[in-house]
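**Student:** Model the structure of this input:
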Amino acid sequence: MTREEIILEKLRSLPPDRLDEVLDFVEFLERRTKDQRSIAFDAWAMNMAKERGFSHLTEEDVAQIVKAHRRQEHL
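**Tutor:** Numbers count the residues shown, from 1 in each chain. Next up, the predicted model:
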């Protein structure tokens, strides 16, 4: 049996109120995974900004630069 099949079999044996708890836990794991990806991306972006001399820019500065670049692309 695969891991997925084992999990599904065990899920099917649970009473409905326990399924709510399982769903809450799965959603927690999804959020935690997304948070970890965000943290990793933020660290990558900060390192790149430091390497390229952009660490002085704020999020607003970057947003304005991106907006200006997108306007230029549409001309």
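**Student:** which parts of the lengthiest helix in the chain are buried?
**Tutor:** Looking across the chain with DSSP state H, the single longest helix is helix 16-51. By neighbour count with 16 or more other CB atoms under 10 Å, helix 16-51 contains no buried residues. Every C-beta, even on glycine, is put in place using the N, C-alpha and C of the backbone.
**Student:** distance between it and the chain's centre?
**Tutor:** Taking CA atoms, centre = their mean, to the nearest Å, one finds helix 16-51 lying 5 Å from the centre of the chain it belongs to.
**Student:** Helix or strand next in line after that helix, which one?
**Tutor:** helix 59-73 (DSSP states H and E).
**Student:** list the helices and strands that next one packs on?
**Tutor:** Where contact means 3 or more CB pairs under 8 Å, 6 or more residues apart in numbering; DSSP states H and E, helix 59-73 is not packed against any helix or strand.
**Student:** relative to helix 16-51, how tilted is that helix?
**Tutor:** For helix 59-73 against helix 16-51, the angle by axes from the mean of the first three to the mean of the last three CA atoms, to 10 degrees is 80 degrees.
**Student:** Pick out the residue nearest the middle of this structure.
**Tutor:** Nearest residue to the geometric centre of the chain (CA atoms, centre = their mean): residue 34, 2.8 Å.
**Student:** Could you check how far that residue is from residue 41?
**Tutor:** With the distance defined as CB to CB, to the nearest Å, residue 34 ends up 10 Å from residue 41.
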